[in-house]
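*Asks:* sharing a model that was predicted from the sequence below.
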Amino acid sequence: MKQILVAVMAAVVSVGAVAAGDAGAGKAKVAVCAGCHGMNGKAMVPNYPSLAGQNAAYIEGALKAYKTQDRKGYQAAIMYGMAAALSDQDIADIAAFYASQK
């Protein structure tokens, strides 16, 4: 029984490691985002949100909601197309990058 518990714990830890965002990898993935949100997440246009320093979990949730088209409202249609091709790892990396910006 102890061996099963250890195996389950190891699996949970390894899944968490895969899902964690990598800010360095995220930086390489945000070039297309920069047009609206700025290179470092500081939007130059007042109508677009700045993402620098935003909570990573919030950004992940928002991108996943755009990907599934569950998030509605201002500019949502544009974000549907932007998020459609992102994998869960891409989303985690992008979120980690923007969260690391100040």
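*Replies:* Perfect, I can see it now.
*Asks:* next SSE after the helix or strand encompassing Ala62?
*Replies:* Assessed by DSSP states H and E, Ala62 sits inside helix 56-67. Remark: after helix 56-67, the chain's next helix or strand is helix 76-84, criterion DSSP H and E.
*Asks:* residues contacting stretch 89-102, please?
*Replies:* 18-27, 29-30, 33, 37, 40-42, 51-57, 59-60, 63-64, 67, 83, 86 (C-beta atoms under 8 Å, 6 or more residues apart in numbering). The way it works is simple: take the backbone N, C-alpha and C, and place the C-beta from them, glycine included.
*Asks:* quick one: buried ones out of those residues?
*Replies:* 21, 23, 26-27, 29-30, 33, 37, 40-41, 51-52, 54, 56, 59-60, 63-64, 67, 83, 86 (16 or more other C-beta atoms under 10 Å).
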